[in-house]
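Asks: Below is the sequence, then the predicted model.
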Amino acid sequence: MEEVNPMELLRFNLSRVRIPEPTNRIYKQECCVSFDSPRSEGGLFVDMNTFLAFGKDYVVWNYEKTGNPVYLHIKQTKKLVPEDRPSKKPTLLAIGIDGGFDSNEPEYEETHNIVILPNYVALPFPSVELPEKVRLAVDAILMAEGAERKQQVAAWTADKKQISAYAMDLRQIGSVAVPPSGWKCAKCDKTENLWLNLTDGMILCGRRNWDGTGGNNHAVGHYKETGYPLAVKLGTITADLEAADVFSYPEDDSVIDPLLAEHLAYFGIDFSSLQKTEMTTAERELDQNTHFDWNRIQESGQDVEPIFGRGYTGLTNLGNSCYMAATMQVVFSTHSFCTRYYINQGLKMAFETAPADPTVDLNMQLTKLVHGLLSGKYSVPASEKDGTAAPAITDAKQEGIPPRMFKAVIAASHPEFSTMRQQDALEFFLHFIDQVERSNAVKPELDPSRSFKFGVEDRILCSSGKVAYNKRLDCILSLNIPLHEATNKEELEAFNKIKAEKISEGKDVSIDEIVRPRVPLEACLANFAAPEEIPDFYSSGLKAKTTAIKTAGLTSFPDYLVLHMRKFVMEAGWVPKKLDVYIDVPDIIDISHMRSKGLQPGEELLPEAAPEGEAGLSQPVANEEIVAQLVSMGFNQLHCQKAAINTSNAGVEEAMNWLLSHMDDPDIDAPVSQGAQGTEASIDQSAVDTLISFGFQEEIARKALKASGGDIEKATDWIFINPNASASSDMDTTTSSNGLPTPIDAALPDGGGRYQLFGIVSHIGTSTQCGHYVAHILKDGRWVIFNDNKVGASINPPKDMGYLYFFERINN
């Protein structure tokens, strides 16, 4: 067979080459179906028609699927750099970004070729012999910012300090002369954490911190009284004015004041002569996270042996993405997710069923992530990838895989997870489970999120002696921590005496002296199931308000039980505080006693609705005291009323938890419905018609809209989740094909109540919105720490410091 000239072959396929436009997304840093990169052994192949990138082992799949033959091959080779390159001191609590912890990223040199499939015919680039169209296309690809980088930069932009809208026209009044030192709050005796209001020169203390330290809120109180918008933190002003901590109260953020020098000069402050004496907000956050918890949870200072191979792949921190990394490591250690996205679905299968752009397909990116984590392909010492000499065992480390594309897809429908800010691992887990359920709605039998779900039943006993049963589905068991059940009360009393004495003497308590309460997990579980009094409960049996008793139980036990420890509570004065507490968690738990028994012989149910003419009495009424307390915390009045109603006026904490988890509901601003669940008249007919146009029956459409508060998207999901539902069935049941009612949890896994602990997600920091998350997982009979890209044998897993605990049911 006559050999084809490479240049002629390229010209023959020139029609399949496109010159990218500014709006095109160009992938050139990471394979769409694997974690191969230009630094991988085979480099990266960029499709010069779609601008998607593929690793050496996967580019042929794209050729077979699209027929696109022309690719730009990018290969990066590591440069040798001095080993004694100095590290920069971090100024941000983040990793891998400017100002964050230095990742000591090596430098690489890059080479390019034009490759034509299926025979991998290569032509060097640059070359004047290449067609102009090809040269222009390659130049545009190389000069463009990669889509991966664009997503990261866009997310970070929102977190950069912005110039305040109030700075340029700031009005300054009075004739106050501020001294260079010796400051004190004008309203109390605080001498630290002081803020200078740039309008009138008032020096006032800052906000009270989560742990009760800090100021007395006098600076923010002054803004509320006067409306004067900007303040600068005294002690952070130096010749480097950009480093000064300026806060805008109306914008509720740290900002840049371009005229700060002039604004300071008005009060006689020569910034060039000042020295820094106070931490900025970001620096204080860094300092707060270098205490005992940080070292204990990360097992710092211990010779942790690195582990490599299948199931031991780390995740690169994308910048405050540890909440996602820790959660996903535990989730993909479960048999259900491993089976769905690894054992039963290969990368090629996921790619073939993916849309034209696999980077936006959740199924593809989930499969890519789990194959990257479990295959062991990327879990090798960094030295082996570079071909350099192997370091000592305890010094070996892996680079980890960057979950950029997965993060972009899973966060697309959530504004907070789209940013580079730290997030709550619990909120991410709930969002992730919801997205997985939606993506498997067509074939719910394949949905691995079902393994986490269980039914919860609330039994409400009215003073009339009649009862009501309310059922719901959940995937986490959120537990209060009863501090009064601490097992070390004597030690705590002794510590509190020592602490009081030292405070009176003006001394600090050392970390080694601190005694934390120890609460057994059994006490937290018992607290969940304990009877709870509900004041102002409207009884449809008495047709009046009364006091009821609520107890909760589980109607089914999931394959995997997730326990969430409520470590963030409200102190007196409604100040949020993180509980500094240990939870004694055993390796084996038994929750068999928590199974709900349902309606018992002799029990009489409360009427579901009031007789006609008395509908006004049955309208749910919010407890005014609960609403008032929530409003005083800054929440919307209507939202607070809904929160109280939807939690049956159980209490402020319950209402606030409901409110925080329903802030993004599409109907959150809708008026309070007339009646407990709304009426048929409240259902929008246009929404019904929309669902009918999708092919659903009218009665099913109405029931779905009623169950989902009128939201079409949620109603569609409800129909898919309840395929056998009928309009005649009530909210707690669906109807099977034989016409008999079926509990809502009938399709969920169920079994015994004995569970073994296999995963812990721990949090370090004063708030879920800052700090760091680490996972510990029981694998192959030993505990393993997953700290971003660091994976090693755990020496002392922090079982008593978890935020989320993951248990697997023990099957006999």
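Replies: In hand now; what should we look at? Numbering: from 1, shown residues only.
Asks: Could you measure from the spatially most central residue of the chain over to residue 322?
Replies: Taking CA atoms, centre = their mean as the criterion, residue 428 is the residue nearest the geometric centre of the chain, at 3.3 Å. Distance of residue 428 to residue 322, given as CB to CB, to the nearest Å: 11 Å. Placement of C-beta: from N, CA and C, glycine included.
Asks: before we move on, what about residue 15?
Replies: 47 Å.
Asks: Check residue 772 too.
Replies: 5 Å.
Asks: What of residue 493?
Replies: Taken as CB to CB, the span from residue 493 to residue 322 is 37 Å.
Asks: quick one: which of these two has more around it?
Replies: residue 322 (27 against 10; other CB atoms under 10 Å).
Asks: What sits closest to that one if chain neighbours are left out?
Replies: Of all residues not flanking residue 322 in the chain, residue 773 sits nearest, at 4.4 Å (CB to CB, 6 or more residues apart in numbering).
Asks: Give the pairing partners of the one helix or strand the one you found maps to; include direction for each.
Replies: Residue 773 belongs to strand 772-779 when assigned by DSSP states H and E. Partner strands for strand 772-779, per DSSP bridges, with pairing direction: strand 754-764 (antiparallel), strand 782-787 (antiparallel).
Asks: can you put those in CSV and add mean neighbour count, mean pLDDT and distance to residue 315?
Replies: CSV is the format used below for these (neighbours: other CB atoms under 10 Å; pLDDT from 0 to 100; distance: least, CB to CB, whole Å):
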stretch, mean neighbour count, mean pLDDT, distance to residue 315
strand 754-764, 23, 94, 13
strand 782-787, 22, 94, 8
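Asks: closest to residue 541 out of these?
Replies: strand 754-764 (38.2 Å; CB to CB).
Asks: now the closest one, how far from the centre of its chain.
Replies: Centre-to-centre, strand 754-764 and its host chain are 17 Å apart (CA atoms, centre = their mean, to the nearest Å).
Asks: For that strand, list the C-alpha coordinates in CSV.
Replies: C-alpha atoms of strand 754-764 as CSV (Å, rounded to 0.1, in the frame of the first residue of the first chain):
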residue,chain,number,x,y,z
ARG,A,754,-26.7,-2.8,63.5
TYR,A,755,-24.1,-0.5,61.8
GLN,A,756,-20.3,-0.2,61.7
LEU,A,757,-18.4,3.1,61.5
PHE,A,758,-16.5,3.3,58.2
GLY,A,759,-16.1,7.0,57.5
ILE,A,760,-15.5,10.4,59.3
VAL,A,761,-15.6,13.9,57.9
SER,A,762,-14.0,16.3,60.4
HIS,A,763,-14.0,20.0,60.4
ILE,A,764,-11.4,22.4,61.7
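Asks: please begin residue numbering at 52 from this point
Replies: Let's use 52 as the start, then, which means that last one is strand 805-815.
Asks: if I look at residue 387, how far off is residue 611?
Replies: Taken as CB to CB, the span from residue 387 to residue 611 is 7 Å.
Asks: so what sits against both of these two?
Replies: Taking CB atoms under 8 Å, 6 or more residues apart in numbering as the contact rule, residue 387 and residue 611 both touch residue 502.
Asks: So if I had to pick from those two, which one is more boxed in?
Replies: For residue 387 versus residue 611, neighbours defined as other CB under 10 Å are more numerous around residue 611 (25 against 18).
Asks: I'd guessed that one sits against residue 855; true?
Replies: No - counting by CB atoms under 8 Å, residue 611 stays clear of residue 855, with 11.6 Å between them.
Asks: gap between stretch 812-830 and the chain center?
Replies: For stretch 812-830, the distance to the chain centre is 11 Å (CA atoms, centre = their mean).
Asks: buried residues in it?
Replies: 812-819, 821-830 (16 or more other CB atoms under 10 Å).
Asks: can you pull out the helices in the stretch 652-801 of the chain?
Replies: 666-669, 675-683, 688-697, 703-712, 736-744, 749-758, 763-772 (DSSP state H, counting those that start in this stretch).
Asks: Show me where the stretch 402-551 of the chain has its helices.
Replies: 413-425, 433-437, 455-461, 476-490, 540-555.
Asks: Might you list the low-confidence residue ranges for the stretch 352-501 of the chain?
Replies: Within the stretch 352-501 of the chain, the segments meeting pLDDT under 70 span 352-354, 434-447, 471.
Asks: so residue 844 touches residue 837, yeah?
Replies: No - checked against CB under 8 Å, the pair residue 844 and residue 837 is beyond contact range at 11.5 Å.
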